[in-house]
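Enquirer: from the sequence below, what's the structure:
(chains A and B)
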Amino acid sequence: GDSVTQMEGPVTLSEEAFLTINCTYTATGYPSLFWYVQYPGEGLQLLLKATKADDKGSNKGFEATYRKETTSFHLEKGSVQVSDSAVYFCALIGGGYQKVTFGIGTKLQVIP
Amino acid sequence: NAGVTQTPKFQVLKTGQSMTLQCAQDMNHNSMYWYRQDPGMGLRLIYYSASEGTTDKGEVPNGYNVSRLNKREFSLRLESAAPSQTSVYFCASFSAGAGELFFGEGSRLTVL
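Expert: Numbering: from 1, shown residues only, chains lettered A, B, ... in the order given. Sure thing, here's the model as predicted:
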């Protein structure tokens, strides 16, 4: 079945550091890929998405590129802020019935 | 613009008690989902409903029942709560047009 693999963390960075959170996936066919973010005490909200190979999703300074050859969708940001502290989930939608598969989530802590 | 609304936000139960988590969406989405979130486990799918009148088991359905009352509402019932069901529960609905999930704010359940 479909699966998503990402590091659990926590990842601790200083403000203005470069961020990479790795995500790899296993799926049949051509899934759509997502990054969701969960701020403390809140539900998940979509951060960015990509629907086909080589697409780049971007939002709020975050970027991720759909790499079919390496089955990856790594999240990057050039300069993190304290306000980026949250849990980040990589996810995919595959198959014909809209089932969404999530990774375990990576906690990011940004310190001033 | 309410989106996905869950109630209650917090609940404490004793082992063996029953309760129902309510979820409603006002976006006219066909598909709705119930997830649970546990530390180190990410989001796990309990049940989903691809359309009004249909429900299917997800990854961890044991101990739960669901009802898709109409297109708007999808409830999750615990018939005899157990401490292992202590978790944060999220309801979500899927937008086929946007190709993404929309989440409620979550319901924190503690079973003593």
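Enquirer: for the closest residue to chain B within chain A, grab the count of nearby residues.
Expert: Nearest to chain B in chain A, going by CB to the nearest CB, is A:Ile104, at a distance of 3.6 Å. Using the backbone N, CA and C atoms, a C-beta is placed for each residue, glycine as well. Neighbour count of A:Ile104, defined by other CB atoms under 10 Å in any protein chain shown: 20.
Enquirer: and it, what is it in contact with?
Expert: A:Ile104 sits next to A:Gln6, A:Glu8, B:Gly40, B:Met41, B:Gly42 when contact means CB atoms under 8 Å, 6 or more residues apart in numbering or on different chains.
Enquirer: is it in a helix, a strand, or coil?
Expert: When classified by DSSP: H, G, I helix; E, B strand; the rest coil, A:Ile104 comes out as coil.
Enquirer: list phi and psi for it.
Expert: The phi and psi torsions at A:Ile104 (degrees, to the nearest 10) take the values phi -80, psi -10.
Enquirer: skipping adjacent residues, who's closest to B:Thr54 in space?
Expert: Spatial nearest neighbour of B:Thr54, excluding adjacent residues (CB to CB, 6 or more residues apart in numbering or on different chains): B:Arg68 at 6.9 Å.
Enquirer: list the contacts for A:Val87?
Expert: Neighbour list for A:Val87: A:Val37, A:Gln38, A:Gly105, A:Thr106, A:Lys107, A:Leu108 [criterion: CB under 8 Å, 6+ apart].
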